[in-house]
Structures are given as structure tokens and as C-alpha cells.
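Peer 1: I'll drop the sequence and a predicted model, then ask my questions.
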Amino acid sequence: MRLRIGFLMGAGLFTLSACAGGPQFTSLPANLAKSFEAERTVAEARSVQAPADPYGATLYAEYLRYAEYEYGPMMDNPDAIFHARRAIAVANGETVTPQAVTDRLLPAEKADVLAAARRRLDAVLQGGGPQKAPEATARAVAAYDCWLEQQEENIQPDDIASCRQTFLENLEAAEAAIQPPMPPTITLAADVLFDFDKAVIKDAFKPELDRIAELLQKNPDVRVFVDGYTDTMGPAEYNMDLSKRRAQAVADYLVGRGIARDRITVRAFGETELAVPTPDETAEPRNRRVEIRKR
């Protein structure tokens, strides 16, 4: 949105535009031409047939809404044209992606924030957001362009905040819809996690625990048990302690990756609950395990 003030200068009418680059003057002929272009483009956007699918229909409606806001109350012809053209492109079945941060003149600190937001939005688009959360994803896409536009102009804090809030609310809804569910149980082979008779996680297995931590982060309402088990080799009391130390090591690693400790309960079963029943003093790799189980 650009606030415009018309005034006489010499023999002609000029328009003062406030934008990120400072006040700029546009002559009457240029301003009239842009006004006529905006009128035609917004009218065309209103007249086209909206897509039938939920994602396209919502994206079209959102871009048209922004176009009408800029053309009407804000009298911002360039950005009215921008949003209207995007609405038309969506109606024509074209793939419309959000603007790049570099397409707008932004302060470095604002560009960094918007670039991070764009990465989250790209992850939603690539993760099936248009199919799994079509309305929320579409609103996030259009609101991101609105946020970019308003942040470039940087003269209406309320409009910046509104676009940003609309973007974040819908982005978070879309992210929640595409997150993979937490499986009931994840079984980790202790022989892969740890060296023999040890409770120190091997470096080679840490990427797998990183993926589990990410899964827990994407399912913030899930609480888990981390259960340790051994086979029947050695004294039962020793096996109980070893299973506890190994389960605790896994829990501590997940906490170190940002999972709240109160979401994790550590339990030790030693050789009392065998996955594969065996006699005493039997080495059975399938019994040496750590399980992460939903509560």
C-alpha cells in the first residue's frame, strides 16, 4: 500500500508515493495510465472463473481480496495490479508461487525473517500442503506476498502485522496437517545403538535419533516412554541396571535435541519382558533393544 497525496507543482499534477525507497514522484500521465491499468486488471480478476479445487479457489479469492483492498481503500495501483494478476494466473491454472525475498527492497533484518518464513512455506508446499490443507496453505501463500509488499513499504505497521499474522496462523495450521504421525512404538536395536556392555550412544546412530527428535517436535502433544531391555546373558540385576542406563542415554539425547524432559518417562525392564523367549544365559540380539513408545 502506498499513501498518495496529489498536489500542484508548476503546471502539472504530481503524485507523491511513500515506499521503501523514500518519496517518489509520478507524473499525472503516468499515474493516470497506471490507474486505468489497475482498473482494467482488477475488473478482469473479478470476471474470471475461479478454480474448482479448494486450493486454487482459496488462492484466487485471497489474491483478489488483496487486489481490491489495494485498489480501493489504499489507492495503490501497482500493488493492486500485482495481486490481481496473480488472481488471474491462478484462475487460468498457472502455478503461482510466492515472491522471492529479493524481489522486494527490504532491510537486511526483515529480509532474514521473511527468508526463514519462506523456507517454512516451501516445506509446506513440497510436503503436500495444497492437497492436505488446501485452504490454509493458499491463505499462507497469498498472505506471504502481502507481508512482503507491506514490509517493503514499511509505513503501515498494522497492515504489516495483519499480513504477518494471517500468514503465521495459516502456515502453522498447514504444518500441523502435513506432519507425519508418531508411530505407536519405535524399536531401536541396542547392538546398533551401543557398544557391547556400554550405554554410550554410537555417533553413527545419532542421525537416526535426530530424526526421532524431529518427529517428536512435529508432534508436540505426544508423550513417550523410553523403555530399555536386555537378553538373558548375565545376572538379572545387572541387566536391569544396563537397560535403565541405555534407556536413560536415549532420553537424554532426545532432551538435548530440544524435547522437553517432562514428555519422556524412562523405564527399565532388563530381561523381564523378552521379545523372543529364550532360556537363561542366551545371547539373543532381538531382546537387546530400546523402545520409544507412545503413552
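Peer 2: Looks like it arrived, so ask away.

Peer 1: in three-state terms, label residue 188 for me.
Peer 2: Following DSSP: H, G, I helix; E, B strand; the rest coil, we place residue 188 in the strand state.

Peer 1: nearest spatial neighbour of it, skipping sequence neighbours?
Peer 2: Excluding its sequence neighbours, the residue lying closest to residue 188 (C-beta to C-beta, 6 or more residues apart in numbering) is residue 290, at 4.6 Å. Every residue, glycine included, has its C-beta placed from N, CA and C.

Peer 1: so the one you found sits in a strand?
Peer 2: Yes - under three-state DSSP, residue 290 falls within a strand.

Peer 1: separation between it and residue 184?
Peer 2: Separation of residue 290 from residue 184 (C-beta to C-beta, to the nearest Å): 15 Å.

Peer 1: neighbour count for those two, which is higher?
Peer 2: More crowded of residue 290 and residue 184, by other C-beta atoms under 10 Å: residue 290, with 24 against 8.

Peer 1: pLDDT at residue 254, what is it?
Peer 2: Looking at residue 254, its pLDDT reads 97.

Peer 1: for residue 5, same thing?
Peer 2: pLDDT for residue 5: 38.

Peer 1: same thing with the one 4 residues further on?
Peer 2: Per-residue confidence for residue 9 comes out at a pLDDT of 37.

Peer 1: who's in contact with residue 285?
Peer 2: Residues counted as contacts of residue 285 (C-beta atoms under 8 Å, 6 or more residues apart in numbering) are 189, 191, 231.

Peer 1: any chance of a ChimeraX selection covering the buried ones in those residues?
Peer 2: Of these, the buried ones can be selected in ChimeraX as follows, counting by 16 or more other C-beta atoms under 10 Å:
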select :231
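
Peer 1: show me where the stretch 101-250 of the chain dips below the pLDDT cut-off.
Peer 2: Of all residues in the stretch 101-250 of the chain, none has pLDDT under 70.

Peer 1: count of neighbours near residue 196?
Peer 2: Residue 196 has 7 neighbours, counted by other C-beta under 10 Å.

Peer 1: and for the one 10 residues further on?
Peer 2: Other residues lying near residue 206 total 14 when counted by other C-beta under 10 Å.

Peer 1: roughly how far apart are it and residue 155?
Peer 2: Taking C-beta to C-beta, one finds residue 206 at 48 Å from residue 155.

Peer 1: can you list the domains in this protein?
Peer 2: In terms of domains, the chain is parsed into 4-178, 185-294 (source: automatic domain parsing).

Peer 1: ok now the longest one, how far from the chain's centre?
Peer 2: A distance of 19 Å separates the centroid of the chain from that of domain 4-178, by C-alpha atoms, centre = their mean, to the nearest Å.

Peer 1: cool, the shortest one as well?
Peer 2: In terms of C-alpha atoms, centre = their mean, the centre of domain 185-294 is set 31 Å apart from its chain centre.

Peer 1: make residue 1 into 55 and carry on from there
Peer 2: Yes, from this point I'll number from 55; that puts the last item at domain 239-348.

Peer 1: all helices for this protein, in order.
Peer 2: In the chain, the helices defined using DSSP state H lie at 82-101, 108-125, 131-145, 162-180, 183-186, 188-207, 211-232, 244-247, 260-271, 290-310.

Peer 1: make TSV from the ones you listed and add distance to residue 331 to it.
Peer 2: Conversion of the helices of the chain to TSV gives the following (distance: least, C-beta to C-beta, whole Å):
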stretch	distance to residue 331
helix 82-101	70
helix 108-125	52
helix 131-145	61
helix 162-180	45
helix 183-186	43
helix 188-207	49
helix 211-232	41
helix 244-247	18
helix 260-271	28
helix 290-310	15
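
Peer 1: just checking, residue 147 touches residue 104?
Peer 2: No - using C-beta atoms under 8 Å, residue 147 is not in contact with residue 104, being 11.4 Å away.

Peer 1: mutual contacts of these two, please.
Peer 2: In contact with both residue 147 and residue 104: residue 110, using C-beta under 8 Å, 6+ apart.
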